[in-house]
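Participant: Make a model of this:
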Amino acid sequence: MQQIMEQAQKMQQQLMTAQQELADAEVTGSAGGGLVTATVSGSGELKGLSIDPKAADPEDTETLADLVVAAVRDANRAAQELQAEKMGPLTGALGGGLGGLSLPGM
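Facilitator: Okay, the predicted model is just below:
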């Protein structure tokens, strides 16, 4: 039982480290051939948005809004891929490797 608890504590530490790495990481997504670029944290928080002046047509704000939405979606997709890369091995091990034992904070 002690070995299982040590393993659980180790995995919890690895999980917390991976969560911090995700919070610190930044990924980008773009739309319109790079006219709009969104930057999000690895956990999905929008950190920045860059709009090329060529995309800012006062007569067509709808297209700009669509480009912003598409860039944010692209960045969030990249963040989800990063989450799967960082967390997948840990959450898979936790689900099967400890016989369904749940850890605090999960």
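Participant: gap between stretch 57-69 and the chain center?
Facilitator: The offset between the C-alpha centroid of stretch 57-69 and the centroid of the whole chain comes to 25 Å, using C-alpha atoms, centre = their mean, to the nearest Å.
Participant: what does stretch 34-48 give?
Facilitator: Using C-alpha atoms, centre = their mean, the distance between the centre of stretch 34-48 and that of its chain works out at 10 Å.
Participant: Can you pull out the residues in contact with it?
Facilitator: 19, 21-30, 49-52, 54-55, 64, 67-68, 70-72, 74-76, 78-80, 82-83, 86 (C-beta atoms under 8 Å, 6 or more residues apart in numbering). C-beta here means a position set from N, CA and C on the backbone, and glycine is covered the same way.
Participant: Weed out the non-buried ones from these.
Facilitator: Neighbour counting over the contacts of stretch 34-48 (16 or more other C-beta atoms under 10 Å) leaves 19, 22, 25, 27-30, 51, 55, 64, 67-68, 70-72, 74-76, 78-79, 82-83, 86 as the buried ones.
Participant: Those residues in helices, which ones?
Facilitator: The helices in this structure, assigned by DSSP state H, contain 19, 22, 64, 67-68, 70-72, 74-76, 78-79, 82-83, 86 from the buried ones among the contacts of stretch 34-48.
Participant: of all these, which comes closest to Q2?
Facilitator: The nearest member of these to Q2, counting by C-beta to C-beta, is Q19 at 25.9 Å.
Participant: mind listing what that closest one touches?
Facilitator: With C-beta under 8 Å, 6+ apart, Q19 has these contacts: S43, M87.
Participant: how close does it get to E45?
Facilitator: Using C-beta to C-beta, to the nearest Å, one obtains 13 Å as the distance from Q19 to E45.
Participant: in the sheet, who's paired with the residue nearest to S30 when sequence neighbours are not counted?
Facilitator: Residue nearest to S30 in three dimensions, not counting chain neighbours: T37, with 4.6 Å by C-beta to C-beta, 6 or more residues apart in numbering. The residues listed as beta-bridge partners of T37 by DSSP bridges are S30, S50.
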